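> Generate a structure from the sequence data that follows.
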Amino acid sequence: MNTLKIALILLLLPLQARADTIPLGDIDVTLEVTAQPRIEIEKPQGGWYHSITLTSTPENPSLYQAEVPITVKLRRLEGYRISVKKPLVLTRRSGVVYSPVKEFSPANISWGTDHASLKLLSDNPQTFTVAKSTSSQSTTDYLLQISAQAPSGLDITGKYYGQLTLLFETNS
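Below you'll find the predicted structure:
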């Protein structure tokens with residue numbers, strides 16, 4: 001009996017009602033897309049710096065400096081804030097148990113579009129604005145300048161390491 005019911009259902013399946021689509025006419029839909037503000041930071045050629053080497057000059061052998069170009073791309077922004085998350089202190093650990101840790105003075109971190117406009121950065125955010133662009137994206141080249149005083153005394157040679165963390169924030 002069950003086999004007969006299944007066979008009958010299978011025969012009648014193709015005879016099911018078919019629905020035709022009925023056009024409803026045009027429906028106007030308005031869609032507003034808002035792109036979020038965005039800050040992109042990179043080297044002028046793209047990518048990012050894995051390390052920055054500070055060097056001294058013969059005129060001032062205890063002052064170590066580096067200057068690197070950085071490109072800032074802003075989308076839907078006319079400015080941004082930048083600060084140093086924590087002071088950059090270059091440190092040498094010799095690995096010798098009783099050897100004292102050697103440290104540079106806290107580094108001065110400056111930021112600007114050229115040498116004349118460099119501003120000293122700290123944990124208090126500095127605001128930078130860019131000229132209005134005809135598009136929603138603007139690109140500006142900046143200089144990041146780092147300078148630190150070497151430790152004094154004997155046995156200061158070696159490799160020093162530190163981590164610089166810059167915090168970029170939107171002005172909104």
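> Surely Ser122 touches Ser83?
Yes: counting by CB atoms under 8 Å, Ser122 touches Ser83, with 6.8 Å between them. Placement of C-beta: from N, CA and C, glycine included.
> Between the two, tell me which one has more neighbours.
Per other CB atoms under 10 Å, whichever of Ser122 and Ser83 has more neighbours is Ser83, with 17 against 12.
> tally of neighbours for the nearest residue to that one once chain neighbours are set aside?
Nearest residue to Ser83, sequence neighbours excluded (CB to CB, 6 or more residues apart in numbering): Pro125, at 4.2 Å. Residues within reach of Pro125, counting by other CB under 10 Å, total 16.
> I'd guessed Pro125 sits against Ile82; true?
Yes: counting by CB under 8 Å, Pro125 touches Ile82, with 6.5 Å between them.
> Quickly list what's touching both of these two.
167, 169 (CB atoms under 8 Å, 6 or more residues apart in numbering).
> how near is the residue nearest to Ser83 to Lys119?
Using CB to CB, to the nearest Å, Pro125 is found at 11 Å from Lys119.
> repeat for Leu90
As judged by CB to CB, Leu90 and Lys119 stand 22 Å apart.
> So those two - more neighbours on which side?
Taking neighbours as other CB under 10 Å, Leu90 and Lys119 compare with Leu90 leading, 23 against 13.
> I'd assumed Gln163 was in contact with that one.
No: judged on CB under 8 Å, Leu90 makes no contact with Gln163 at a distance of 9.7 Å.
> Contacts only, for the residue nearest the centre of the chain.
Geometric centre of the chain, nearest residue: Ile41, 4.9 Å, by CA atoms, centre = their mean. Shown in contact with Ile41 (CB under 8 Å, 6+ apart): 48, 70-73, 166, 168.
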